[in-house]
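Asker: Below are the sequence and a predicted model; questions follow.
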Amino acid sequence: MARTPGDAVEQLIHEEYARILATLIRVTGDVDTAQDAVQDAVVRALETWPRDGIPDQPRAWLTVVARRCAIDRVRRESARSGKEAEAVWLLDSQPEEPAESVVRDDLLRLVFTCCHPALSREAQVALSLRTLGGLSTGEVARALLVPEATMAKRLTRAKQKISRARIPYRIPADHELPARLGGVLTTLYLIFNEGYAARSSPDLVRAHLLDEALRLTGLLHQLMPDEPAVLGLRALELLQDSRRATRIDTTGAAVRLRDQDRSQWDRNLIREGVLLLGDALKRTPTTPDPYVVQAAVAACHSIAPTYANTDWNAIISWYDVLLTVEPTDVVRLGRASAIAERDGADAGLVAIDAITGLSDYPWWHASRAELLVRLGRADEARVARDEAERHALTDAHLRALDATLGRAS
Amino acid sequence: MPQYVAMTYTQDVDWTHPDQAAEMVEYSQFGEIAASVMRGGAALYPTSTATTVRVQGGKGGDVLTTDGPYADTKEALTGFFILECADLDEAVALAAQIPAAWNGAVEVRPVIEFPAP
C-alpha cells in the first residue's frame, strides 16, 4: 500500500512522540501540561507539514513548538490564578533544543516513572502505552479491551498519583536499578503477552498491541543497550514474534509448535533475536538472567529444522538453568513438556503430575490432556480438556486441543 | 517541601506494656534515623480505647458514639509519623525502616499543601 504524505507525517510523529513528551515533562514538571503541549505541537505539524514539507529536524521543530505552547498554557493558567508561575521562568531558562544525551535521559526518566512500583501494574501498562507508545486514550482502551471511560479514569488517577504523591521523575540510582529495571521489563513483557496470547480477546494475536510492545522494548533497548535483561527480553520477543504468521490457522484455531510451517517463520527476526541472545549470554557468564534464558529456550525452537529434530537436551538444560533463578511451577511445566518430547509421554506425564501448584492454570490441564491423548487415555484426556476450558484456556487453543482429541477418537 | 504521613498498621498492641519494650527501642532507633525530617507523630493506645463519633441527621444532629475503631481489622492503626521528604522514593525508603513495615504495614500518604490564605 502506497503511503500518502499524511501517513509519513503521522508515522514520524508517532516515532518521536515519546521523546518530545519526555523532554516536555521534565521542563514543565507536569504530565498533563506536557501532554497538552505536545498535542498542540502535533496538531500544528499535521496542519503544516503535509503542505510545507517535513522540516529537516522534525524532533527539534516539535520540541520547540511544544515548549512555546507549554509556556502559553502556563502563562494563561497563571494569569487566571494570579500566581507568579515559576514554571514560565523554568521553561524560558532551558535550552530550546536539548542535546541527544539529555533526550535519552528524559526518555529513561519517563520509562521509570511510568513503571514506578508505587503504581499498580494496570496503571503502569496504561501509562506506558499512553505516554511512551503515544497512543490516544481511546486507542489504549481498545488495545486493552477496557471501556474508554474506565481507561480515562485509570490514566487520570495514575497521573494524579504521580503529581500528588510526587513520584520522582528520575533515573534510579545504580543500587536501585536492577530492581527497578525488573519492574519495567515485567510491564513491557506483560504488554507483549497481552498482544501475543491475547487472553481476554477472541483473537489469539492482537497485532496492534504486539507491534506497540515490540516498539517499546526496542526503545528501551536503544536506551540501555548494555543491560543483559533488556537484550534478553528483546531477543525473547523477537524470537516469539518470528512465528506470528504461523500461530493461527485460517479458521482462527491455534497451531501447535509441532504443526507450524517453519518455512513461514520470519528469518530476519530469528537472526536478530539469536544475535542479541549471544550478546546477552556473553554478558551473563555467571549469573543467568531469566529473560536471557527464556530467549535461549525460544532460540532452540527457532533454529531446529523440524519439531522432531529439536535439541530437547539443550532445552531441558536451559530450563534447569532457569529454575536456579526462577524456581516456579510454570517453569517446571515447561521443563516437563520438554521431558515428554525427549523421554516420551509417560515420563512427561509423571513430571507434570509432580507439579502440585498449578491446578488453576489452564496450560497445566491442557498439557496433561495432550499427553493423555498420546497415551491413548481418551476419557482422562477429555476430563483434563474440560478443566482447561473451566480455567479459561483461550478459545483458539481450546479449538486446537479439541482437534487433537477429535483425531484420537 | 512535601510532607507525608506514614501510618503504622500492626497488631493491636499496647505500646505502654512492658512486653513492647524491645519494639519501642526499635521505634526510637527509627526516630533517630528520621530525626532531621520528622515533623510530628504519635503512638496510639489500643483500639479498645477508641471511640468512633458520628452525627446523625446532618450537621448539628444527634451525636452517636460507638465503642471501638472505625474499621475492625486484624491489623489496626497504631500510630503515625509526619515526614518531610523530597519525593515518594525518599518517603518509601524511610517508611521501610519503621518496624511496622516488617511487623505489619506502613501506609504512606502525601499531605495536601493548602496555599497560605
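Answerer: In hand now; what should we look at?
Asker: contacts, neighbours, all on C-alpha from now
Answerer: Will do.
Asker: Listing partners with orientation, what would you give for the strand or helix carrying B:G79?
Answerer: Following DSSP states H and E, one finds B:G79 within strand B:76-84. In the sheet, strand B:76-84 lines up against strand B:3-10 (antiparallel), strand B:38-43 (antiparallel) (DSSP bridges).
Asker: helices or strands up against the one helix or strand A:A336 maps to?
Answerer: Element membership for A:A336 (DSSP H and E) is helix A:329-343. For helix A:329-343, the packing partners by 3 or more C-alpha pairs under 8 Å, 6 or more residues apart in numbering or on different chains; DSSP states H and E come out as helix A:312-325, helix A:345-353, helix A:362-374.
Asker: Touching the helix or strand following the last one from outside, list them.
Answerer: Past helix A:362-374, further along toward the C-terminus, the next helix or strand under DSSP H and E is helix A:378-390. Applying C-alpha atoms under 8 Å, 6 or more residues apart in numbering or on different chains, the contact partners of helix A:378-390 are A:361-366, A:368-373, A:398, A:401-402, A:405, A:408-409.
Asker: Now restrict those residues to buried residues only.
Answerer: A:361-366, A:368-373, A:398, A:401-402, A:405 (16 or more other C-alpha atoms under 10 Å in any protein chain shown).
Asker: now the host helix or strand of A:A8, how far from the centre of its chain.
Answerer: Using DSSP H and E, A:A8 sits within helix A:5-28. Centre-to-centre, helix A:5-28 and its host chain are 20 Å apart (C-alpha atoms, centre = their mean, to the nearest Å).
Asker: Then stretch A:167-184?
Answerer: On the basis of C-alpha atoms, centre = their mean, stretch A:167-184 sits 18 Å off its chain's mean C-alpha point.
Asker: Pull the number of nearby residues for B:T49.
Answerer: 10 (other C-alpha atoms under 10 Å in any protein chain shown).
Asker: so who does it touch?
Answerer: B:T49 sits next to B:67-68 when contact means C-alpha under 8 Å, 6+ apart.
Asker: and the residue sitting furthest away from the middle of chain B, how far is that from B:T51?
Answerer: Within chain B, B:G57 marks the point farthest from the mean C-alpha position, 30.1 Å out by C-alpha atoms, centre = their mean. Note on B:G57: its distance to B:T51, by C-alpha to C-alpha, to the nearest Å, is 19 Å.
Asker: thinking again about what came up before, ok, then the element right after the strand holding B:G79?
Answerer: helix B:88-95.
Asker: Which strands and helices lie in contact with that next one?
Answerer: Packing contacts for helix B:88-95, counted by 3+ C-alpha pairs under 8 Å, 6+ apart, involve strand B:105-110.
Asker: and the strand it packs on, anywhere near chain A?
Answerer: Yes: using C-alpha under 8 Å from any C-alpha of the partner chain, strand B:105-110 reaches chain A at B:109-110.
Asker: can you give me the angle that strand makes with strand B:76-84?
Answerer: Per axes from the mean of the first three to the mean of the last three C-alpha atoms, to 10 degrees, the angle that strand B:105-110 makes with strand B:76-84 is 40 degrees.
Asker: pLDDT below threshold where in chain A?
Answerer: Filtered on pLDDT under 70, chain A yields the residue ranges A:1-6, A:81-96, A:198-204, A:408-409.
Asker: Quick check: residues of it near chain B?
Answerer: Within chain A, the positions near chain B by C-alpha under 8 Å from any C-alpha are A:164-168.
Asker: Please name the residues that touch the spatially closest residue to A:L323 that is not a sequence neighbour.
Answerer: Nearest residue to A:L323, sequence neighbours excluded (C-alpha to C-alpha, 6 or more residues apart in numbering or on different chains): A:V331, at 6.8 Å. Going by C-alpha under 8 Å, 6+ apart, A:V331 touches A:319, A:322-323.
Asker: what's the answer for B:V37, then?
Answerer: B:V37 touches B:83-85, counting by C-alpha under 8 Å, 6+ apart.
Asker: top of these by neighbour count?
Answerer: B:L83 (26 neighbours).
Asker: Cross-check the contact I'm expecting between that residue and B:V5.
Answerer: Yes: contact criterion C-alpha atoms under 8 Å: B:L83 and B:V5 qualify, at 6.2 Å.
Asker: now the residue nearest the centre of chain B, which residues is it bridged with?
Answerer: Nearest residue to the geometric centre of chain B (C-alpha atoms, centre = their mean): B:F80, 2.2 Å. Here B:F80 shows beta-bridge partners B:M7, B:A42, assigned using DSSP bridges.
Asker: ok, it to B:R54 distance?
Answerer: Counting by C-alpha to C-alpha, the gap from B:F80 to B:R54 is 23 Å.
Asker: got it, and A:R67?
Answerer: Using C-alpha to C-alpha, A:R67 is found at 51 Å from B:R54.
Asker: So which of those two has more stuff around it?
Answerer: A:R67 (26 against 13).
Asker: Now do the helix or strand the more buried one falls within and helix A:5-28, the angle between them.
Answerer: Assigned by DSSP H and E, A:R67 belongs to helix A:58-81. Here helix A:58-81 points in a direction 50 degrees away from that of helix A:5-28 (the same axes, to 10 degrees).
Asker: Buried residues in helix A:58-81, which are they?
Answerer: Buried residues in helix A:58-81, defined by neighbour count with 16+ other C-alpha under 10 Å: A:58-71, A:73-75, A:78.
Asker: I'd like to know which elements that helix is packed against.
Answerer: Counting by 3+ C-alpha pairs under 8 Å, 6+ apart, helix A:58-81 packs on helix A:5-28, helix A:31-52, helix A:86-93.
Asker: Quick check: which of those helices is buried the most?
Answerer: helix A:5-28 (a mean of 20; mean count of other C-alpha atoms under 10 Å in any protein chain shown).
Asker: Export it to PDB, keeping only CA atoms.
Answerer: Extracted in PDB, the C-alpha atoms of helix A:5-28 (Å, rounded to 0.1, in the frame of the first residue of the first chain):
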ATOM      1  CA  PRO A   5       2.500  12.200   2.800                       C
ATOM      2  CA  GLY A   6       0.000  12.400   5.700                       C
ATOM      3  CA  ASP A   7       0.800   8.800   6.700                       C
ATOM      4  CA  ALA A   8       4.500   9.500   6.700                       C
ATOM      5  CA  VAL A   9       4.000  12.600   8.900                       C
ATOM      6  CA  GLU A  10       1.900  10.500  11.300                       C
ATOM      7  CA  GLN A  11       4.400   7.700  11.400                       C
ATOM      8  CA  LEU A  12       7.200  10.200  12.100                       C
ATOM      9  CA  ILE A  13       5.300  11.900  14.900                       C
ATOM     10  CA  HIS A  14       4.400   8.500  16.400                       C
ATOM     11  CA  GLU A  15       8.200   7.700  16.400                       C
ATOM     12  CA  GLU A  16       9.200  10.900  18.000                       C
ATOM     13  CA  TYR A  17       6.200  11.400  20.400                       C
ATOM     14  CA  ALA A  18       7.700   9.800  23.500                       C
ATOM     15  CA  ARG A  19      11.000  11.700  23.300                       C
ATOM     16  CA  ILE A  20       9.300  15.000  22.900                       C
ATOM     17  CA  LEU A  21       6.800  14.300  25.600                       C
ATOM     18  CA  ALA A  22       9.600  13.100  28.000                       C
ATOM     19  CA  THR A  23      11.500  16.400  27.500                       C
ATOM     20  CA  LEU A  24       8.400  18.400  28.000                       C
ATOM     21  CA  ILE A  25       7.500  16.600  31.200                       C
ATOM     22  CA  ARG A  26      11.000  17.400  32.600                       C
ATOM     23  CA  VAL A  27      10.800  21.100  31.700                       C
ATOM     24  CA  THR A  28       7.100  21.600  32.700                       C
END
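Asker: Tell me the helices and strands packed up against that helix.
Answerer: Looks like helix A:5-28 contacts helix A:31-52, helix A:58-81, helix A:86-93, helix A:100-114 (3+ C-alpha pairs under 8 Å, 6+ apart).
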